[in-house]
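*Asks:* Provide a 3D model corresponding to the input given below.
(chains A and B)
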Protein chains: 2
Amino acid sequence: MNTEEAWNEVARRANEQRDLQGLMAVAQWDQQVMLPPAGAAARGRQLAAISGIRHERLTDPRLGALLEQLAEGTEDPVRDASVRLFLKEHRQAVRTPSRLVRAFAEARARAHATWMEARAARDFTPFAPSLTELVGLIRETVDARREPHHADPYDVLLDEYDPGSTVAALDPMFARLSAELGAFLDTLRDRPHPPGFDGAWPVPAQRALNEAVVQALGFDLTRRGRMDHAEHPFTVGVAPDDVRLTTHLYPDALLSGLSGTIHETGHGLYEQGLPKDWYGLPVGAPASFGLHESQSRFWENVIGRSLPFFRWLQGPLQEHLGGDIPSPEQLYAAANRVERSLIRIFADEVTYNLHIVVRYQLERALLSGALTVADLPDAWDDGYEAVLGVRADNPTDGVLQDVHWSAGLFAYFPSYTLGNLYAASILARLEEDLPDLWTRVEAGDFTPILGWLRAHIHSKGHLVHAPAILQDALGERDHVADLMAYIRGRHGALYSVY
Amino acid sequence: MNTEEAWNEVARRANEQRDLQGLMAVAQWDQQVMLPPAGAAARGRQLAAISGIRHERLTDPRLGALLEQLAEGTEDPVRDASVRLFLKEHRQAVRTPSRLVRAFAEARARAHATWMEARAARDFTPFAPSLTELVGLIRETVDARREPHHADPYDVLLDEYDPGSTVAALDPMFARLSAELGAFLDTLRDRPHPPGFDGAWPVPAQRALNEAVVQALGFDLTRRGRMDHAEHPFTVGVAPDDVRLTTHLYPDALLSGLSGTIHETGHGLYEQGLPKDWYGLPVGAPASFGLHESQSRFWENVIGRSLPFFRWLQGPLQEHLGGDIPSPEQLYAAANRVERSLIRIFADEVTYNLHIVVRYQLERALLSGALTVADLPDAWDDGYEAVLGVRADNPTDGVLQDVHWSAGLFAYFPSYTLGNLYAASILARLEEDLPDLWTRVEAGDFTPILGWLRAHIHSKGHLVHAPAILQDALGERDHVADLMAYIRGRHGALYSVY
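*Replies:* Here you go, the predicted structure:
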């Protein structure tokens, strides 16, 4: 086969993988949003069947041979990048024995059940054996997948969620961030908290408000996407023209509902902005979880918790909720309160990354063997005490609070902090490129922001890894310095510490 | 491989086929009910990818060899029946060249577009070349698939939708039915029409009413199923525990909305009643389109247009619509008016089957070559004139009214009339087995009816073909006589012709 023929066959197979992934995405979305409860067993079977077929086709030796042939170079950067990404996926799938894939799926199912049981009992014991088993299987997977360029075993996992990130890069960045955030937090000690606010609004009115905001930010909710209710909100890109947000609104939690919606909108805008010409090829996909998270957090936090945003929001609030609505200053204060707390998902922007740092250290220690599962609960509590200055009085509010480890997701947490870091640097650059940025936000004109993100981030797909996309978009930047400057400017001012 | 091993492998592959079919069903349901409009192109790709994979795996020679081995007998009726059905499906797929499958898919896409164009222009001309192409491809398919037991080429197609039905059986049945219905219609000539009724009710209130009716009939709308809006209503059984009805309600069409809902409920009750132990095997599927249609029509017409049903319905109508609601007698009269009309989907129970007879004769003639596509419009109009005594003044209300032929669906129409015939025989037998049937209906107690259908029809899956299921359930019956007796009893009485 000549290069052209080989490429056509590889592209056909890449497109098939993407189409099957799209079907899985619909089926998973449906599972969370639409599925009648008794249908769960059949859905599990259906998803297992299609995963098996995807894996079978991904590991086909013929595909490997074609990719090896093309890896010598096609003189086309889009094809070269696609071949690199597809070959990496192929090799990792081939390196992971089916026995391990099956054992991992089964262990995850057990771990999910024992995690639920342990949470209900507020006792780590029932979960310990499952987690030990999972950690063992992850170490086996890491051994099987490890390549020469992985300096640290944890790099094997980072390579999956955040290709381009390494322990060597994250370690110093996280250490500095942790120290600076800790010092900043100390300056807030004994400062009076800004006030929150109370109030309850009917969910249908809130839904109309949330839809209006989603559309104002530039997400196409009518032709290329939709938004539904889900118990645990998420976003899925079935295809760039079929992007689905979910949200969960409560009568008495206006701000957190809206924040959640804006967070998902950020994910959705990225998916709707992916390069359509590359749809079906590996380069047409998002570049990393960290970059994805930078988009959700940029809109949720940087824009969505800003005072100009809340000033603009008065109009939609008046229109959809009417009557006695909170002022921009009330909303801004309530949205940016800082508190040393136990639960990551309720954490503010200042303490959030400290929650991640604790998890990052613990999962690295579990993976290297420096920490055993038996010692994990104490290590968790000690880590929180050291980094955040708080200690859970029960494991449900401590080591059992997140679903990730029970789902076998290790090295996923750093994506969240990478997202926050990247979002701060994006803001710093945007303020240079769009000097009237905040005037535009206050006027509800989000077009130039979205246009910038489309041009510099979304449309790049996965042609290069996330760090290179950011380097091209932002120039050389110190993400930690950008995040700290942003936090000092917002939370420091709110608490009058400067 | 010994028989046990061969069976296990065949069962594994059958289950995989069923799981992929379930995924396709979700994706197709989603396409009609949830998909953002711009997502249609990606959905087309996704469905094509999974169809291709199903076909590839269905035609695997290794599967054929295993099935041939097991076809010698497994000493287990469930396995034997599964092997027979799976082998038939495998052989038909193998016999149909991929070239033909692709050409057919492409021709259907073209035909759908030209059919829409022709309908809009009220001119058959744009559709003619596409239909000619489709008829040619169907004749090729029939030639490729024809087996010695297919006495008539049309039997090849019937074998797909209604295994067990043949031209030899349908021809005399349809001829007799046509003659008897025609004679009955003549007796109605010049009789005064029973009155209809006017009124408009808000769609949300109608939706609550329709949901109440669906649940009263025994469909599990909370744990094992759901009901949504669709432009063109349909029902899909993703799995027996995941059955999805759709309906289309209009403010000023209370009765037709409700009839549509009850029709889909009949389909849904069949799907929810399929034998769960056989889920994944070919014997766990519905036995035929005709039998499926017997269930929808039994509930829609036999029960749902009966006077006792409308008497029971007064309660739900009062509860959900309130105010000025039509009386049982008004509803009964309006729901059973008989009219010689042009459009099949709006036809009453008496004339409906005559619309089918016209189509059955025409598609047989097209398939045999006795009729050319060029002569089809006149043949249609002449057929309507002869059988129904009406003539369309434009092809959109005539030969272009149905989507079926443009979708390549030939030999599908007879299922509708088979459904009506079977439903009448089921009623006749039910009135013997449940002497208080109509008292129960009037009391809103549908449990014994559903119990009977579950026991005698639904739970049989496809262990034997539909005619054998009916024979076991009903004994030897004359379906035409049963249908005519039912019509004379209901419509004859309403029009006071006896």
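
*Asks:* Mind telling me what element A:Glu56 is part of?
*Replies:* helix A:40-58 (DSSP states H and E).

*Asks:* Report the inter-axis angle for that helix versus helix B:40-58.
*Replies:* 80 degrees (axes from the mean of the first three to the mean of the last three Cα atoms, to 10 degrees).

*Asks:* From the contact counts, what lies against the helix or strand just after helix A:40-58?
*Replies:* Downstream of helix A:40-58, the first helix or strand assigned by DSSP H and E is helix A:61-70. Judged by 3 or more Cβ pairs under 8 Å, 6 or more residues apart in numbering or on different chains; DSSP states H and E, the packing partners of helix A:61-70 are helix A:3-33, helix A:77-95. The way it works is simple: take the backbone N, C-alpha and C, and place the C-beta from them, glycine included.

*Asks:* okay, now the closest residue to A:Pro326 other than its chain neighbours: neighbour count?
*Replies:* The shortest distance from A:Pro326 to any non-neighbouring residue, by Cβ to Cβ, 6 or more residues apart in numbering or on different chains, is to A:Phe197 (4.8 Å). Using other Cβ atoms under 10 Å in any protein chain shown, A:Phe197 has 13 other residues around it.

*Asks:* does A:Phe197 count as helix, strand or coil?
*Replies:* coil (DSSP: H, G, I helix; E, B strand; the rest coil).

*Asks:* ok, now which ones touch it?
*Replies:* When contacts are counted by Cβ atoms under 8 Å, 6 or more residues apart in numbering or on different chains, A:Phe197 touches A:326, A:330-331, A:334.

*Asks:* how much space between it and chain B?
*Replies:* 33 Å (Cβ to the nearest Cβ, to the nearest Å).

*Asks:* ok, for A:Ser306, nearest residue in space, not its chain neighbours?
*Replies:* Per Cβ to Cβ, 6+ apart, closest to A:Ser306 is A:Val441, 6.4 Å.

*Asks:* Would you list the phi and psi of that neighbour?
*Replies:* phi -60, psi -50 (degrees, to the nearest 10).

*Asks:* Spit out the contact partners of it.
*Replies:* With Cβ under 8 Å, 6+ apart, A:Val441 has these contacts: A:303, A:306, A:308-309, A:312, A:449.

*Asks:* what's the farthest-apart pair in the residues you listed?
*Replies:* Spatially, the most separated pair among those is A:Trp312 and A:Ile449, at 12.6 Å (Cβ to Cβ).

*Asks:* A:Gln471 sits in which helix or strand?
*Replies:* Using DSSP H and E, A:Gln471 sits within helix A:466-474.

*Asks:* follow-up on the earlier one: identify those among the contacts of A:Phe197 that sit within helices.
*Replies:* A:330-331, A:334 (DSSP state H).

*Asks:* hmm, who's touching the helix holding A:Gln471?
*Replies:* For helix A:466-474, with Cβ under 8 Å, 6+ apart as the criterion, the contacting residues are A:162-165, A:287-288, A:290-291, A:418, A:422, A:425-426, A:428-429, A:456-457, A:460, A:464, A:477.

*Asks:* Can you tell me which of the ones in helices among the contacts of A:Phe197 is nearest B:Asp393?
*Replies:* Using Cβ to Cβ, A:Leu331 comes nearest to B:Asp393 of these, at 64.7 Å.

*Asks:* Quick one: end-to-end distance for stretch A:267-287.
*Replies:* 13 Å (Cα to Cα, to the nearest Å).

*Asks:* how about the residue of the stretch 351-498 of chain A found nearest chain B, what does it touch?
*Replies:* Taking Cβ to the nearest Cβ as the measure, the stretch 351-498 of chain A has A:Gly461 as its residue closest to chain B, at 15.9 Å. Going by Cβ under 8 Å, 6+ apart, A:Gly461 touches A:274-275, A:278, A:283-287.

*Asks:* Let's see the pLDDT reported for it.
*Replies:* Here the pLDDT value assigned to A:Gly461 is 98.

*Asks:* among the ones in helices among the contacts of A:Phe197, who's most crowded?
*Replies:* Counting neighbours by other Cβ under 10 Å, the top entry in the ones in helices among the contacts of A:Phe197 is A:Leu331, with 24 neighbours.

*Asks:* before we move on, the earlier item: among A:Trp312 and A:Ile449, which residue is more densely surrounded?
*Replies:* A:Ile449 (24 against 21).

*Asks:* Quick one, grab the pLDDT at the more buried one.
*Replies:* Reported pLDDT for A:Ile449: 98.

*Asks:* among the helices and strands packed on helix A:61-70, which is nearest chain B?
*Replies:* helix A:3-33 (3.8 Å).

*Asks:* Tell me the helices and strands packed up against that closest one.
*Replies:* helix A:40-58, helix A:61-70, helix A:77-95, strand A:235-239, strand A:242-247, helix B:3-33, helix B:40-58.

*Asks:* how much space is there between the residue nearest to A:Pro326 and B:Thr396?
*Replies:* Distance of A:Phe197 to B:Thr396, given as Cβ to Cβ, to the nearest Å: 60 Å.

*Asks:* Please apply the same query to A:Thr351.
*Replies:* 67 Å.

*Asks:* And the helices in the stretch 151-300 of chain A?
*Replies:* A:153-161, A:167-188, A:203-217, A:254-272, A:289-297 (DSSP state H, counting those that start in this stretch).

*Asks:* I'd like to know which of these is closest to chain B.
*Replies:* Closest among the helices of the stretch 151-300 of chain A, using Cβ to the nearest Cβ: helix A:254-272, at 9.8 Å.

*Asks:* Which residues belonging to that closest one are considered buried?
*Replies:* A:254-255, A:257-272 (16 or more other Cβ atoms under 10 Å in any protein chain shown).

*Asks:* Is any residue of that helix near chain B?
*Replies:* No - on the criterion Cβ under 8 Å from any Cβ of the partner chain, helix A:254-272 is out of touch with chain B, staying 9.8 Å away.

*Asks:* Those residues of the stretch 51-200 of chain A touching chain B, which are they?
*Replies:* Residues of the stretch 51-200 of chain A lying near chain B (Cβ under 8 Å from any Cβ): A:Ile53.

*Asks:* Show me which of A:Thr351 and B:Thr396 is the more surrounded one.
*Replies:* A:Thr351 (21 against 17).

*Asks:* these two touch, right, the more buried one and A:Ile343?
*Replies:* No - under the criterion of Cβ atoms under 8 Å, A:Thr351 makes no contact with A:Ile343, lying 10.4 Å away.

*Asks:* For the nearest residue to A:Val497 once chain neighbours are set aside, the count of nearby residues, please.
*Replies:* Nearest non-adjacent residue to A:Val497, counting by Cβ to Cβ, 6+ apart: A:Thr187, 4.8 Å away. Applying other Cβ under 10 Å, we find 13 residues neighbouring A:Thr187.

*Asks:* go on, A:Gly199?
*Replies:* A:Gly199, neighbours per other Cβ under 10 Å, totals 15.

*Asks:* Quick check, pLDDT for A:Ala109.
*Replies:* For A:Ala109, pLDDT reads 87.
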